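# Okay, here's the prediction I keep looking at, along with the sequence it came from:
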Amino acid sequence: EAVHADLLLHVVDVSTEHVQADLEAVGRVLAEIGCHEKPQLIALNKVDRVQDPAHLDLVQRMCPGAVAVSARTGAGLDRLAETVVERLVGPESQVEVRAAAGDGRLLAWIDRHATVLRRRFEDGDVVQTIRVPERLLAEMPRVAERAYAVTPSV
């Protein structure tokens, strides 16, 4: 299954003293099955059990981009989920889109591909603040039946 994955999530028990050996062992296995160049995200699990903050700091420096979590307490799990999404879909932009209420193709595309944060109706238009993967923004002109406007939103 790892061979077909878009992203490998490597969960490491950070509460042990042999984190580096564990990382190297997994690296060897991934190389053996031809997955060593696949994108990976490391989750440093059991941060709630780490007694020495210097140990956690050292491991975090060894694994830049790793996300510290505790499956037991739930700490860091939201950040882990956000990071997985970022890695899979790429960076997202938050924009405001003003489209004609009758542009069903564009409005359906937005509902399917974006997260709608706010929606209001104004002068026959639907004005939506959305969060959408940047790589998909270029598709909007091909989908729209009518003129629309996109502005950055904060």
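It's in. Treat the numbers as computed from the prediction; the structure is a model and nothing was measured.

# Only the buried residues of the lowest-mean-pLDDT helix or strand in the chain, if you could.
For the chain, the helix or strand with the lowest mean confidence is strand 148-152, at a mean of 79 (criterion: mean pLDDT, DSSP states H and E). By neighbour count, with 16 or more other Cβ atoms under 10 Å as the criterion, the buried positions of strand 148-152 are 148, 150. All C-beta spots, glycine's among them, are computed from the backbone N, C-alpha and C.

# Pull out the CA atoms of it and give them to me as CSV.
The C-alpha coordinates for strand 148-152 follow below in CSV (Å, rounded to 0.1, in the frame of the first residue of the first chain):
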residue,chain,number,x,y,z
TYR,A,148,-17.2,36.8,-11.8
ALA,A,149,-14.7,38.5,-9.4
VAL,A,150,-12.1,37.1,-7.1
THR,A,151,-10.5,39.2,-4.4
PRO,A,152,-8.1,38.2,-1.6
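
# got a list of contacts for it?
Residues outside strand 148-152 that contact it (Cβ atoms under 8 Å, 6 or more residues apart in numbering): 93, 94, 95, 96, 97, 98, 99, 100, 103, 106, 137, 140.
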